[in-house]
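**Q** here is a sequence with its predicted model. Questions after.
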Amino acid sequence: MNNAIDNNIFANPGNLPKRHQIGKIWSTIFFASTTIGIVALTVLLLSIINQAMGLVIIENKIDPMTLAERPLEELPKEELISILQANLSKNRIKTIEKEKPLDARSQIDIYGLVMERVVQPTVVKSYTLTQSLLSRSQIEREAVEKYPNAKIEFRSWINFTFLKKTMSSKPELAGVSTALMGSLYLIAITIAVAFPIGVGAAIYLEEYANKDNRINKIIQTNIDNLAGVPSIVYGILGLAIFVRTLETITSGAAFGIEGNNGRSILSAGLTMALLILPILIINAQEAIRAVPDSLRQAAFGLGATKWQTVWYHVLPNALPGILTGTILAISRAIGETAPLILVGASTYITTNPSSPFSKFTALPIQIYNWTTRPQDTFRNIAAAAIIVLLISLLSLNAVAILMRNRFSRQRL
Amino acid sequence: MEHEISKHLVRQTAPVVTSSQEALASKLRMRFRPGETLIMGFLFVCGAISIATTLGIVFELTKESLLFFGKPEVKLIDFLTKTTWQPSIGNFGVLPLVTATAMTTFFAMLISLPLGLSAAIYLSEYASQKARGILKPVLEILAGIPTVVYGYFALTFMTPLLRLILGKENVQIYNTLSAGLVMGIMILPLVCSMSEDALSAVPRSLREAAYGLGATRLETAVRVVVPAAFSGIIAAFIIGISRAVGETMIVAVAAGSGPNFTFNPLKAAETMTGYIARISGGDLAYDTPDYNSIFAIGLMLFVITLSLNILSRRLVSRFREVYE
Amino acid sequence: MINYEPNTPNLSDANHNILEVKNVSMYYGSFRAVKDLNLKIQPNKITAIIGPSGCGKSTVLRAFNRMNDFVRGYHLEGEICFHNQNLYAPEVDPVQVRKMIGMVFQKPNPFPKSIYENVAWGARINGIPGNMDDIVEQTLRQAALWDEVKDDLRKSALALSGGQQQRLCIARALAVKPEIILMDEPCSALDPIATLKIEDLMRELSVNYTIIIVTHNMQQAARASDYTAFFTMDPDRAGVMVEFDTTTNIFTNPHDKRTEDYISGRFG
């Protein structure tokens, strides 16, 4: 079109600079979108840590200084017992003795009792970590003005005693031990049910099923579709089948254990097993498919039966992959909350589950419950419980990654 | 058996000893292996349990829903058109729950669609191996965080942030906007990884053709690769919608507890899943209107998510057919 | 089709064929992969199957111990008789067939276990009597591998070289005490020295076993086999056997033009 002919085509780049500029802008946008994932994750973790520790204003019902001259935790057991007896009514001492005689308890235990029953420290106000770091002097001023008898201390809501203590209606005394035990129990049942069935189904579909058969096609499609059903629908199923219809079994009545209803840890475990089965099967299928066909051929060529081939060669070689997939499915089950609400997890329970037919609570249920309480201090312990949950999930996933790496190294 | 053993012993020293015809025939005969049959039966049952699960879901949801709609006070037309939902006192209009679900889903998709697709384009078309090595695990971690934690995040971070920006008087403590936005972050990794799969399935030759015609990287990505992967990307979006509709804990914590027929995202409203979670939270008595209603809502959820999932799988398999 | 009777005046056991293929056609779905095959395999001889790729050599070999059963859509018409017993009769158990007719595959495929376990496993599941250590030693000696691995029996089989792995796979097959050993291009993944070792080994084994080998390497067939079957593809892409004779005759005096072309073409 140009009358003047350019000898050097690069001298007339036409619209190219503009196109490059647009390209640059968009590549920045694409990159920014991707980093939003990192930003979101960081903000989420920080906001949880922010809530899990910070300054608190504590008021004691009885000043410990009036009870003894030395700090209470340094007192010998006998002195602590006498403080307890002096400040509590006979009846209350009796109920405590009923659980475990005072003499048989440890010094730490008695100290805990004195704090809980006599001193009764109450967190009247808690601050987030950022508030505590940025405006400490203001908080101190506020504390002096509004709570003259109170003292300020820095508190990490996530600590060792938080793991050991049971549920309490007072957030400063509450802990996650019951919830942790409940989650462990729940996961044990889930694994015990889902693992053999899931691996079995995967073996059937990969090694036995004739893929042209209609029933097998339906099974495969059905598993893929089940993986996308919302977890709350599994909860409804669990409520209708395990909690209600099979109540005699899931409450233990069929085994002569009375006093429970269908809202048991067994119902929850079975529901959770159904929930993770499709994921587990799909993962296990992938692991089995990855076993080279030459191994199967070698075994069949030696006159092995199908099961001998599967048991001695396919499964051992697929096992690391299957276990990795199982761990991923399990971590899904550990964090699931909605189905547990449906099958009736208790929110206030202080005893560890004693059998599969017990009432129970679980870590995510506890988090949900505490999150929805209006008081700030419950938010703090919810954050602490979230940290416990996330750390357990992270360690599980670390195990899965280690296993996968070790496996792939072996293959090479 | 004896013959078999002696034959083997002989064959270790001497060449082929021809066995008698009958012995050979009996050796070759089909063995009944009860163990093998039993195991195969067990494995089939394992596979069939998934069918039983589906049938169980369909059966229970339908049965209880029929009980619900069979009540004289429940009319299907009211259910679908009335705007008040209070089953315990006889108001059965499901619309407030549906609009709340639609709103949270809308905001979730508003976040996760553009961001998920952009991130997928970056990871598939731009990112170096090293960048992928960092970004992919982050997205995987994000995908692995329990939804109740996201709920906590919505309530303790997103809502205060919204109130800070839009004014405390405008934003209620519980609101669908906050729940929807956080849900978008939750769904982002899913949309991203499915879209990325679709993009990376587009053959290299197509990209090379575009580069060969003098296209820039952006033009190649947006004009060639994305259209080629379109059905796969749509499938990812649909799965994202399905996940948003079925998500429970974020909305149960942050969207509000109480049906509210509103289109204002800054106000509290209860979604379908949120309602089910709240109603069943206490000791729910069997065969009450409340009890039956969760099955009716559950059936709606199941039908919606299942159709979306099937639609998405169809698109993915159609997409695969083109390139495999 | 013409039935090519082997031209063997000096057959010691002429009235007995260990394997006899009678009017066999094989199909993958509706595609006919092998057409109208008739073949008689002599005991204690090495029979080579040669031909261009895609002519159904491997399909025929795998039909002998029913390894094709695992292929979707595969079926066979006709009879393959082992000592006059039809292997495809409905009452025959393919697992039993594979115990008597062993197989060595194209690529060495040892189990990812120890050398010892590789040999012992087949013997164990098939209930071969005797001391397992002795069985392992004996079969490894038979496979000419014992001296190389006797100190490393507990080491992973995957640590062996390709040629050693393939001899291990042969030892593994021997431990089950088959009568026939099928070899599907056993040297195609090996270097010339390892190949030579396997060929020597085949010669030694043919004293006690009947060996059928598929090979794309005509020199190998000429060197190592007693009989040769030449396969090719007919116009509708089905594999057909063109000629079957002693190896000497096939390579020096082929009857069929196609055989001659193929052989001379390759020897060029």
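**A** Nice, I can see it.

**Q** contacts and neighbour counts: CA atoms only from here.
**A** Noted.

**Q** which residues touch the closest residue to chain B within the stretch 301-412 of chain A?
**A** Closest residue of the stretch 301-412 of chain A to chain B, C-alpha to the nearest C-alpha: A:G335 (4.7 Å). By C-alpha atoms under 8 Å, 6 or more residues apart in numbering or on different chains, the contact list for A:G335 reads A:364, A:389, B:145-148.

**Q** in the chain, which spans are strands?
**A** Here I'm looking at chain A. A:53-60, A:121-126, A:151-156 (DSSP state E).

**Q** other chain: chain C
**A** C:19-28, C:31-41, C:46-50, C:74-82, C:85-86, C:101-104, C:180-184, C:210-214, C:227-233, C:239-246.

**Q** okay if I get those strands as a markdown table plus mean pLDDT and distance to B:L177?
**A** Below are the strands of chain C laid out as a markdown table (pLDDT from 0 to 100; distance: least, C-alpha to C-alpha, whole Å):
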| stretch | mean pLDDT | distance to B:L177 |
| --- | --- | --- |
| strand C:19-28 | 93 | 59 |
| strand C:31-41 | 92 | 61 |
| strand C:46-50 | 94 | 73 |
| strand C:74-82 | 92 | 59 |
| strand C:85-86 | 90 | 75 |
| strand C:101-104 | 94 | 66 |
| strand C:180-184 | 94 | 66 |
| strand C:210-214 | 95 | 70 |
| strand C:227-233 | 92 | 70 |
| strand C:239-246 | 92 | 69 |
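
**Q** so C:G51 sits right up against C:T228, yeah?
**A** No - with contact defined as C-alpha atoms under 8 Å, C:G51 does not count as touching C:T228 (10.2 Å).

**Q** pLDDT weak spots in the chain?
**A** Since you didn't name a chain, this refers to chain A. A:1-12, A:407-412 (pLDDT under 70).

**Q** switch to chain B, please.
**A** B:1-19, B:324.

**Q** packing partners of the lengthiest helix in it?
**A** Using DSSP state H, we find that the single longest helix of chain B is helix B:34-70. Applying 3 or more C-alpha pairs under 8 Å, 6 or more residues apart in numbering or on different chains; DSSP states H and E, we find helix B:34-70 packed against helix A:177-203, helix A:214-226, helix A:231-238, helix A:265-289, helix A:306-309, helix B:289-323.

**Q** any chance you could list what contacts the following helix or strand past it?
**A** Remark: after helix B:34-70, the chain's next helix or strand is helix B:76-81, criterion DSSP states H and E. Here helix B:76-81 makes contact (C-alpha under 8 Å, 6+ apart) with B:69, B:92-95.

**Q** got the buried residues for the host helix or strand of B:I234?
**A** Secondary structure from DSSP H and E places B:I234 in helix B:230-246. Judged by neighbour count using 16 or more other C-alpha atoms under 10 Å in any protein chain shown, the buried positions of helix B:230-246 are B:230-246.

**Q** got it, and stretch C:90-102?
**A** C:92-102.

**Q** comparing the helices and strands packed on helix B:34-70, which stretch has the densest surroundings?
**A** helix A:231-238 (a mean of 28; mean count of other C-alpha atoms under 10 Å in any protein chain shown).

**Q** so that one versus helix B:230-246, what angle?
**A** 50 degrees (axes from the mean of the first three to the mean of the last three C-alpha atoms, to 10 degrees).

**Q** which SS class is B:L161?
**A** helix (DSSP: H, G, I helix; E, B strand; the rest coil).

**Q** pull up the residues of chain A that are close to chain C.
**A** Within chain A, the positions adjacent to chain C are A:294-295, A:297-305, A:308, A:313 by C-alpha under 8 Å from any C-alpha of the partner chain.

**Q** and with 10 Å instead?
**A** With C-alpha under 10 Å from any C-alpha of the partner chain as the criterion, chain A meets chain C at residues A:210-212, A:292-306, A:308, A:312-313, A:316-317, A:410-412.

**Q** what about residue 212, how many neighbours?
**A** Since you didn't name a chain, this refers to chain A. 10 (other C-alpha atoms under 10 Å in any protein chain shown).

**Q** please go with chain C instead
**A** C:I212 - counted by other C-alpha under 10 Å - has 26 other residues nearby.

**Q** again, but for the one 10 residues further on
**A** With neighbours defined by other C-alpha under 10 Å, the count for C:A222 comes to 18.

**Q** looking at the strands of chain A, which is buried most?
**A** strand A:53-60 comes out most buried of those by mean count of other C-alpha under 10 Å, with a mean of 22.

**Q** how far away from the center of its chain is it?
**A** 27 Å (C-alpha atoms, centre = their mean, to the nearest Å).

**Q** is any residue of it near chain B?
**A** No - using C-alpha under 10 Å from any C-alpha, strand A:53-60 never reaches chain B; the gap is at least 14.3 Å.

**Q** pull stretch C:121-132 out as PDB, backbone CA atoms only.
**A** Coordinates of each C-alpha in stretch C:121-132 appear next as PDB, following Å, rounded to 0.1, in the frame of the first residue of the first chain:
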ATOM      1  CA  TRP C 121       7.100 -66.700  42.800                       C
ATOM      2  CA  GLY C 122       5.900 -68.600  39.800                       C
ATOM      3  CA  ALA C 123       7.100 -71.900  41.200                       C
ATOM      4  CA  ARG C 124       5.400 -71.100  44.500                       C
ATOM      5  CA  ILE C 125       2.000 -70.100  43.300                       C
ATOM      6  CA  ASN C 126       2.000 -73.200  41.000                       C
ATOM      7  CA  GLY C 127       3.000 -75.500  43.900                       C
ATOM      8  CA  ILE C 128       6.100 -76.800  42.200                       C
ATOM      9  CA  PRO C 129       7.500 -79.400  44.700                       C
ATOM     10  CA  GLY C 130      11.000 -79.300  46.000                       C
ATOM     11  CA  ASN C 131      13.300 -77.100  48.000                       C
ATOM     12  CA  MET C 132      12.800 -73.500  46.700                       C
END
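
**Q** now that stretch: mean pLDDT?
**A** Here stretch C:121-132 scores 90 as its mean pLDDT.
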